[in-house]
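In: Predicted structure and sequence below. I'll ask about it afterward.
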Amino acid sequence: MDRFDALSPIDFRYWDATVASCLSENAFVRYKAVVEFALVTALHRRGLCDGGVVNEIGAACDAVRTDEVYEEEGRIRHDVRALVNRICARVSEQARPFVETHESMGHLHPHSLT
């Protein structure tokens, strides 16, 4: 069993795949990646980035692994920024500004996202 699928130390005895798929650390990182993808999808729908950027970020979100996010988090001490850094490491310079809007897209008017 992957240690990031664990919910607590008792999981090694009572672990359940269905519960782990929703509540484990792997699931938590996966859901944060889903949010990152949803952000870029919303930007695309509003004409703020092209479909290639959406596809590139989507592929990076699918590829990111919990262990590498945790390694990055150990270095920088921030969970979301660690995920963003690992996604950005997998995308082009053109796509990077569209990952994690509150950090990298302050130039956009807030009402353009609603």
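Out: That came through, no problem.
In: Show me what the longest helix along the chain is packed against.
Out: Longest helix of the chain, by residue count under DSSP state H: helix 25-45. With contacts taken as 3 or more C-beta pairs under 8 Å, 6 or more residues apart in numbering; DSSP states H and E, helix 25-45 sits against helix 17-23, helix 51-63, helix 66-76, helix 79-88. C-beta coordinates here come from the backbone N, C-alpha and C atoms, glycine included.
In: Quick check: which of those is buried the most?
Out: helix 79-88 (a mean of 20; mean count of other C-beta atoms under 10 Å).
In: got a list of contacts for that one?
Out: 29, 32-33, 36, 57, 60-61, 64-65, 68-70, 72-73, 75-76, 96, 99-100, 103 (C-beta atoms under 8 Å, 6 or more residues apart in numbering).
In: circling back to that earlier point, now do the longest helix of the chain against helix 51-63, angle only.
Out: Angle, helix 25-45 to helix 51-63, by axes from the mean of the first three to the mean of the last three C-alpha atoms, to 10 degrees: 180 degrees.
In: Give me the pLDDT value at residue 2.
Out: We have a pLDDT of 75 for residue 2.
In: now it, nearest residue through space, not along the chain?
Out: With sequence-adjacent residues excluded and distances taken as C-beta to C-beta, 6 or more residues apart in numbering, residue 2 is closest to residue 26, at 6.6 Å.
In: show me what contacts the closest residue to residue 36 other than its chain neighbours?
Out: Closest residue to residue 36 apart from its sequence neighbours, by C-beta to C-beta, 6+ apart: residue 61 at 5.7 Å. By C-beta under 8 Å, 6+ apart, the contact list for residue 61 reads 33-34, 36-37, 87.
In: What separation do you get for residue 31 and residue 67?
Out: If you measure residue 31 against residue 67 using C-beta to C-beta, to the nearest Å, the figure is 17 Å.
In: Nothing else from me, thank you.
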